[in-house]
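Visitor: Let me see the structure of the following:
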Amino acid sequence: MNFLDISFIVVSFIIIILSLLQGGKSEGASGAITGAGMNVFVKTKERGSELIVSWLTLGFGMLFFLLALLTNALA
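Guide: Numbers count the residues shown, from 1 in each chain. Next comes the predicted model:
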């Protein structure tokens, strides 16, 4: 395992953790079945820590994609 493989694994774990930190925007499976809380298209702004976690997830997602391309190109 070289440096790219290790960094690829670390970035993937960070993305998993950041995804789990993001708050749920629905009411769960029962709300999806019954149709409760149909506010899918309502404009809600993320603020504070939600915005930071969202931006970090986006950044690490792009880094994951670049590492995947780089690992594939060098393999």
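
Visitor: Could you list the single helix or strand in this protein with the lowest mean pLDDT?
Guide: Using mean pLDDT, DSSP states H and E, helix 29-34 stands out as the lowest-scoring helix or strand of the chain, at a mean of 59.

Visitor: helix or strand right after that one?
Guide: Later in the chain than helix 29-34, the nearest helix or strand by DSSP states H and E is helix 49-74.

Visitor: what packs against that following helix?
Guide: Applying 3 or more C-beta pairs under 8 Å, 6 or more residues apart in numbering; DSSP states H and E, one finds that helix 49-74 contacts helix 3-21. Every C-beta, even on glycine, is put in place using the N, C-alpha and C of the backbone.

Visitor: who does the helix it packs on touch, helix- and strand-wise?
Guide: Under the contact criterion of 3+ C-beta pairs under 8 Å, 6+ apart, helix 3-21 touches helix 49-74.

Visitor: What is the burial count for D5?
Guide: By other C-beta atoms under 10 Å, the residues close to D5 number 12.

Visitor: got a list of what it touches?
Guide: D5 makes contact with T71 under the criterion C-beta atoms under 8 Å, 6 or more residues apart in numbering.

Visitor: cool, L18 as well?
Guide: Applying C-beta under 8 Å, 6+ apart to L18 gives the contacts 53, 56-57, 60.

Visitor: okay, it: pLDDT?
Guide: L18 carries a pLDDT value of 94.

Visitor: One more: L4?
Guide: 89.

Visitor: Please apply the same query to the one 10 residues further on.
Guide: According to the prediction, I14 has pLDDT 96.

Visitor: Name the nearest residue to it, sequence neighbours excluded.
Guide: Nearest in space to I14, with sequence neighbours left out and distances taken as C-beta to C-beta, 6 or more residues apart in numbering, is F60 at 5.3 Å.

Visitor: show me the contacts for that neighbour.
Guide: Here F60 is in contact with 11, 14-15, 18 (C-beta under 8 Å, 6+ apart).

Visitor: of all the residues you listed, which comes closest to K45?
Guide: Nearest to K45 among those, counting by C-beta to C-beta, is L18 at 19.1 Å.
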